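S.K.: give me a 3D structure for the following:
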Amino acid sequence: MTNNVPLSTTSAICLAIVFCSFLTVSIFNYPRAWSPMTTFLSDFGNMKISPLGSLFYNAGCIMTGAAIVAFYLGMSDWEADDRRMLLLGAARVLGIASGIALALIGLYPEDYPSLHRFWSLAFFTLNFFSIILINASLVGRRDYGRPTMIVGFGLSIVTMFSFLTWGGAPSVEWFTVFASMTFAVLLGYDSYRKKGGNNVAPFNI
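M.R.: Residues are numbered from 1 along each chain as shown. Below is the predicted model:
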């Protein structure tokens, strides 16, 4: 059964575990009061404010970025019998670029303001459009779970509405990051069922 676990499944699990674990450690080492309503995730990577915690946060971004690249490379499993292969191919290219951008956020934290802003904007923009294209290319497919579709479309709609209403507020950033991880894990589960987990019940609502 192990040989049937696709790359997109293992990398989705890895990116969620790595990011949450390293973020948790960085939070425990953060010297200031914080809240998802007032604190950007990138604040935990500020080397001046949190010398120790920033090491974990920035390392987590780099490793999570690498896992995102692996996740989108693994999405090739969906292309063989997909009539909308061009859409999915574009989604994978944007997704791989988003993983690289996240890794560069870790390399250039808030201590490098201009570079950090550039790569942060690049990550969220690339991530937003890659998820839209994934949904557009896979919706209606038998192996594409309804929860995955709902989270994907919901993430896109709420993110767009929140950005237009509140701009790049910390709460918008937190929502986007964790909703995107949820989407990746659900899609990784769909990939597992599609490729080799035929005995696993579909996760539908």
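S.K.: so who does the spatially closest residue to Leu94 that is not a sequence neighbour touch?
M.R.: Nearest non-adjacent residue to Leu94, counting by Cβ to Cβ, 6 or more residues apart in numbering: Ser130, 3.9 Å away. Heads up, the C-betas are built off the backbone N, CA and C, glycines and all. Neighbour list for Ser130: 72, 91-92, 94-95, 98 [criterion: Cβ atoms under 8 Å, 6 or more residues apart in numbering].
S.K.: which strand or helix spans Ser130?
M.R.: Using DSSP states H and E, Ser130 falls within helix 113-138.
S.K.: hmm, back to that, format the contacts of Ser130 as a markdown table; extra columns: neighbour count, distance to Leu7 and pLDDT.
M.R.: A markdown table is the format used below for the contacts of Ser130 (neighbours: other Cβ atoms under 10 Å; distance: Cβ to Cβ, whole Å; pLDDT from 0 to 100):
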| residue | neighbour count | distance to Leu7 | pLDDT |
| --- | --- | --- | --- |
| Tyr72 | 24 | 10 | 97 |
| Ala91 | 24 | 16 | 94 |
| Arg92 | 22 | 12 | 95 |
| Leu94 | 20 | 18 | 97 |
| Gly95 | 24 | 13 | 97 |
| Ser98 | 25 | 17 | 97 |
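S.K.: could I get those as JSON lines with distance to Ser54?
M.R.: Output for the contacts of Ser130, formatted as JSON lines (distance: Cβ to Cβ, whole Å):
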{"residue": "Tyr72", "distance to Ser54": "27"}
{"residue": "Ala91", "distance to Ser54": "32"}
{"residue": "Arg92", "distance to Ser54": "31"}
{"residue": "Leu94", "distance to Ser54": "28"}
{"residue": "Gly95", "distance to Ser54": "26"}
{"residue": "Ser98", "distance to Ser54": "22"}
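S.K.: what is the nearest of these to Ser50?
M.R.: The closest of the contacts of Ser130 to Ser50 turns out to be Ser98 (Cβ to Cβ; 25.0 Å).
S.K.: now the nearest residue to the closest one once chain neighbours are set aside: how far from Gly53?
M.R.: Leaving aside its sequence neighbours, Ser98 sits nearest to Leu126 (Cβ to Cβ, 6+ apart; 3.8 Å). Computed as Cβ to Cβ, to the nearest Å, the Leu126 to Gly53 distance reads 26 Å.
S.K.: Met149 now?
M.R.: 36 Å.
S.K.: likewise Ile68?
M.R.: 22 Å.
S.K.: picking that back up, looking at Leu126 and Gly53, which is more packed in?
M.R.: Gly53 (23 against 20; other Cβ atoms under 10 Å).
S.K.: now do the same for the more buried one: its pLDDT.
M.R.: pLDDT, Gly53: 97.
S.K.: mind putting the contacts of Ser130 in JSON lines, distance to Val18 and secondary structure included?
M.R.: Below are the contacts of Ser130 laid out as JSON lines (distance: Cβ to Cβ, whole Å; DSSP: H, G, I helix; E, B strand; the rest coil):
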{"residue": "Tyr72", "distance to Val18": "16", "secondary structure": "helix"}
{"residue": "Ala91", "distance to Val18": "22", "secondary structure": "helix"}
{"residue": "Arg92", "distance to Val18": "21", "secondary structure": "helix"}
{"residue": "Leu94", "distance to Val18": "21", "secondary structure": "helix"}
{"residue": "Gly95", "distance to Val18": "17", "secondary structure": "helix"}
{"residue": "Ser98", "distance to Val18": "16", "secondary structure": "helix"}
